[in-house]
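K.L.:
3D, please:
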Amino acid sequence: PELGPNVHWLRPNLRDARMVVPDRPHSKQEQRQRIDRSRTFFVNSNADRLRGGSLQAKSGRRLLAIGDSVTFGWGVADEQSYPAQLEALLRGGGADVQVLNAGVPAQSLYGMATFLERKGPALELDGVLWTRRLQLNLPQPEQDYRRHLDAAQRALPGVPFMVLLPPISRFDPYGTEQYADEGAALRRVLELPVLELTDPLWAAQTGGASLQVGPQELVLTNEGQELVRVARSPHDLPQELYTLFDEDPALKEHLFFDSGHPDAEGFGVFVKAVAEQLEESGWMG
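P.N.:
Numbering: from 1, shown residues only. Below you'll find the predicted structure:
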């Protein structure tokens, strides 16, 4: 109720809340059934409903990472999430900085803007890492994105914003075809730095399972060896691919774990790219 209807927010003061999620590519339909291949992680939140420990008194710069499940750190421990890894990397380089995690699974652009309008001013922020891709199911996704981002910026006058586009897994056929156009479209309508994180993660992938996406078929390879070639489905991946992952627990995409979210190592690549962009943009000096 503090943020209004239809805005997700974490429960406050969670202590090692146990979450179990699929550990391989999966479909929404499958989640109604049992998925044997799963991973467990634990979540803490503070009284401000941010992921992580208690909010410490401000010292130096304070950045806020806000977004959906990628910012939250779906599938990884608190300290492995991208905001926590980014803070550790920047502090290791001598910066006096805090990076707060305001990521919430399934959070909308409206929810992100509303959070910053109602809660942002009290957090004494020195920068916002606005981390979300377009909501492509909307009639005018670029304009919708800009409208909510503009509202968030108005709520925090003088606070710099940076747009981060979370990385796309190779097991997201639609995303792999759309991500470059998505970034280009946002750069046309935004007057802010836009960092696409798909490219650095793909460049860092070595070995493991990979999916080559064609107009009519999908080719699954592992360590460069073709495993199966299947007709492309209109929505989810073909069932044959899910079955192969279930039959071989070692089959895994490098740097991602479920066709949508980076693993801890993937977030490490993620934060290095973000830290470089922060330095180039003059945020840390």
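K.L.:
okay, and the beta partners of the nearest residue to L186 once chain neighbours are set aside?
P.N.:
Excluding its sequence neighbours, the residue lying closest to L186 (C-beta to C-beta, 6 or more residues apart in numbering) is V194, at 5.3 Å. The way it works is simple: take the backbone N, C-alpha and C, and place the C-beta from them, glycine included. Bridge pairing for V194 (DSSP bridges) gives the partners V163.
K.L.:
V194 contacts L149, doesn't it?
P.N.:
No - here V194 does not reach L149: they are 10.8 Å apart, not a contact under C-beta atoms under 8 Å.
K.L.:
when those two are compared, which one has more neighbours?
P.N.:
In terms of neighbours (other C-beta atoms under 10 Å), L149 is the more surrounded of V194 and L149; the figures are 23 against 17.
K.L.:
hang on, isn't that one packed against L116?
P.N.:
No - using C-beta under 8 Å, L149 is not in contact with L116; the gap is 9.7 Å.
K.L.:
thinking again about what came up before, shared neighbours of V194 and L149, which are they?
P.N.:
Counting by C-beta atoms under 8 Å, 6 or more residues apart in numbering, the common neighbours of V194 and L149 are V163.
K.L.:
quick one: the helices in the protein?
P.N.:
With DSSP state H as the criterion, the chain has helices at 69-72, 82-92, 109-119, 141-155, 173-189, 198-204, 239-247, 264-280.
K.L.:
contacts for the last one, please.
P.N.:
Meaning helix 264-280. With contact meaning C-beta under 8 Å, 6+ apart, helix 264-280 is reached by 73, 76-77, 80-82, 85-86, 89-90, 93, 129, 162, 164, 167, 193, 195, 197, 200-201, 204, 255-256, 262, 284-285.
K.L.:
what subset of those residues is buried?
P.N.:
When these are checked for burial by 16 or more other C-beta atoms under 10 Å, the buried set is 73, 76, 80-82, 85-86, 89-90, 129, 162, 164, 167, 193, 195, 197, 200-201, 204, 255-256, 262, 284.
K.L.:
what about D236, how many residues nearby?
P.N.:
Here the number of neighbours of D236 (other C-beta under 10 Å) works out to 16.
K.L.:
check A275 too.
P.N.:
A275 is surrounded by 19 other residues when neighbours are defined as other C-beta under 10 Å.
K.L.:
swap in A209?
P.N.:
When neighbours are counted by other C-beta under 10 Å, A209 registers 24.
K.L.:
contacting residues for it?
P.N.:
Counting by C-beta under 8 Å, 6+ apart, A209 makes contact with 171, 220-222, 245, 251-254.
K.L.:
how about a cut-off of 6 Å?
P.N.:
222, 251-253 (C-beta atoms under 6 Å, 6 or more residues apart in numbering).
K.L.:
list the contacts for the residue nearest in space to the middle of the chain?
P.N.:
Centroid check for the chain by C-alpha atoms, centre = their mean gives V70 as the closest residue, at 2.2 Å. By C-beta under 6 Å, 6+ apart, the contact set of V70 is P166.
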